[in-house]
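Trainee: Generate coordinates for the sequence data below:
(one chain, ligands or ions: 1)
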Amino acid sequence: MTMRVAVAVSGRGSNLEALLRALEPKAPARVVLVLSNRPDAGALERARANSVPAEVLPDPADASDWLARLERHRIDLLVLAGYLKLVPAAVIARYRHLIVNVHPALLPGFGGRGMYGRHVHEAVLRSGARESGATVHLVDEAYDRGAVLAQGRVPVLPNDTADSLAARVLEVEHRLLPAVVLAAAAAGHPVPLPETVESAS
Ligand code: GRF
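Mentor: I've put the predicted structure just below:
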C-alpha cells in the first residue's frame with residue numbers, strides 16, 4: 001500500500017521539491033496534499049506544478065479544520081517541511097508518531113521557540129560549534145523536542161556566513177527527509193534511520 005503523505009510548508013518549499021523528486025511513481029509513498037499557513041508560500045506553486053492539491057489553512061490554530069483536511073485526503077504521514085507554526089495539539093494527538101519535522105541543526109542543540117531559518121545558523125556560528133547539520137524528528141507538543149529519527153552532519157567552516165552554512169545544511173536536509181519518508185513507507189510508520197548522512201562539502 002502506498003503511504004499517503006501530506007506536507008505542511010510556510011516558505012519556498014525546497015524540501016517539498018526534494019521529496020517530490022525522490023518519490024517516483026512506483027515509490028511506496030506519495031505526496032497527496034500540501035498545506036500552508038501562508039497563501040504566498042512558494043511551496044504552493046511547486047505543489048501545483050506537480051499536480052498535488054495545495055490548500056491554505058485559513059486558521060492554522062483550528063484543529064478541526066486540519067483534521068478534516070487530513071481525513072479527507074486519507075493521510076498516513078504528515079511531514080513538516082519548513083512549517084513555522086505549532087501544529088494544534090489535537091492534530092498531534094490524533095497523528096501521534098505519524099508527524100515528522102526537518103530542522104536545520106543537530107537537535108537537541110539549536111532548537112526550540114524562535115530557532116528557525118537563519119536564526120538557527122546565526123546561533124550556531126555565534127556558538128563557535130565546529131559542526132552543524134540537519135535533524136528529522138518526530139513531532140510532539142513542543143517545538144523541536146520529539147525523538148530524533150535521523151541526523152546528517154556538516155562541518156562549520158572558518159569563513160561561513162549564515163547563508164553559506166544554511167546552503168550546506170539544506171543539501172543534507174534534501175537527502176535526509178526523503179530517506180526518512182521512504183523508510184517510514186517501508187515500515188508503515190516513521191522509524192529511526194540506521195546511518196547519518198555525511199557531507200564534506
Ligand atoms: C529548512 O531549512 C528547514 O529545515 C527549516 O526551514 C527551511 C525550509 O526550507 N525548518 P524550504 O521551504 O524547504 O526550502
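
Trainee: and the closest residue to the ligand within the chain, what is it in contact with?
Mentor: For the chain, the residue closest to the ligand is G82, as judged by C-beta to the nearest ligand atom, at 2.6 Å. No exception for glycine: its C-beta is placed from N, CA and C like everyone else's. G82 is in contact with 9-16, 43, 102, counting by C-beta atoms under 8 Å, 6 or more residues apart in numbering.

Trainee: which of the residues you listed lies closest to N37?
Mentor: Distance to N37 across those (C-beta to C-beta) is lowest for S10, with 5.8 Å.

Trainee: What is the burial count for P58?
Mentor: 9 (other C-beta atoms under 10 Å).

Trainee: That one and A89, how far apart?
Mentor: Computed as C-beta to C-beta, to the nearest Å, the P58 to A89 distance reads 19 Å.

Trainee: List the neighbouring strands of whichever strand or helix holds L33 plus their orientation.
Mentor: Assigned by DSSP states H and E, L33 belongs to strand 29-36. Here strand 29-36 is paired, per DSSP bridges, with strand 3-9 (parallel), strand 54-56 (parallel).

Trainee: now those in CSV, with mean pLDDT?
Mentor: Output for the strands paired with strand 29-36, formatted as CSV (pLDDT from 0 to 100):
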stretch, mean pLDDT
strand 3-9, 98
strand 54-56, 98
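
Trainee: mind checking which of these is nearest H121?
Mentor: Counting by C-beta to C-beta, H121 lies closest to strand 3-9 out of the strands paired with strand 29-36; the figure is 19.4 Å.

Trainee: ok, residues contacting the closest one?
Mentor: By C-beta under 8 Å, 6+ apart, the residues outside strand 3-9 that reach it are 15-16, 19, 23, 28-37, 41, 43-44, 47, 69-70, 73-83, 87, 181, 184-185, 188.
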